[in-house]
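*Asks:* need coordinates for the following:
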Amino acid sequence: QVQLVESGGGLVQAGGSLRLSCAASGRTFDSYSMGWFRRAPGKEREFVGVINWSGGATYYGDSVKGRFTISRDNAKNTVYLQMNNLKPEDTAVYYCARDRRLGRFGVRGPDEYDYWGQGTQVTVSS
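*Replies:* Numbers count the residues shown, from 1 in each chain. Here you go, the predicted model:
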C-alpha cells in the first residue's frame with residue numbers, strides 16, 4: 001500500500017511563492033513517475049505537471065509552464081512543487097499522485113494515476 005501526504009499549502013499574495021511537498025510511503029517510490037494535479041472550486045481536476053522516476057524529466061501543463069517546477073528526492077521519498085509568481089487563478093486544492101504504470105512518463109490523465117494524497121489548499125489573494 002502506498003500513502004501520499006501533501007503539505008506546504010497556505011495563503012499567499014499574488015506574485016508570491018510556495019513550495020508543496022508530497023511524502024510517500026512504500027519501497028518502490030523511485031520507480032514511478034509522480035504527478036501534481038489541482039482542483040479549483042467548481043472546476044474539473046487539472047493536470048499541473050509530472051516528473052519521471054529519476055527526476056531527470058518533467059512535463060507541465062500550459063497554465064503553469066515557466067512558473068512551477070517539480071523536483072524529487074528519492075532518498076527522502078518526497079516530491080516537490082515549487083510555485084512562483086502565483087496568480088489568483090492558481091487557487092485550488094493541490095494533489096500529488098503516482099503513475100499507475102511502472103517506469104512510464106508523461107501521462108496527464110487523472111485515471112492514469114492510482115494513488116493520491118489528501119490534498120493541500122493553496123489560496124492566492126489579489
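*Asks:* every contact and neighbour count from this point should use C-alpha atoms.
*Replies:* Noted.
*Asks:* grab the nearest non-local neighbour of the most centrally placed residue in the chain.
*Replies:* Nearest to the mean C-alpha position of the chain, by CA atoms, centre = their mean, lies W36 at 2.3 Å. Nearest residue to W36, sequence neighbours excluded (CA to CA, 6 or more residues apart in numbering): C96, at 4.5 Å.
*Asks:* correct me, but the one you found touches G35?
*Replies:* Yes - under the criterion of CA atoms under 8 Å, C96 makes contact with G35 at 5.6 Å.
*Asks:* just give me the neighbour total for L20.
*Replies:* Neighbour count for L20, taken as other CA atoms under 10 Å: 21.
*Asks:* and the residue nearest to the centre of the chain, what element?
*Replies:* strand 34-39 (DSSP states H and E).
*Asks:* between the helix or strand containing V124 and strand 34-39, how big is the angle?
*Replies:* Taking DSSP H and E as the definition, V124 sits inside strand 120-125. Interaxial angle, strand 120-125 versus strand 34-39 (axes from the mean of the first three to the mean of the last three CA atoms, to 10 degrees): 50 degrees.
*Asks:* please consider this matter closed, and thank you.
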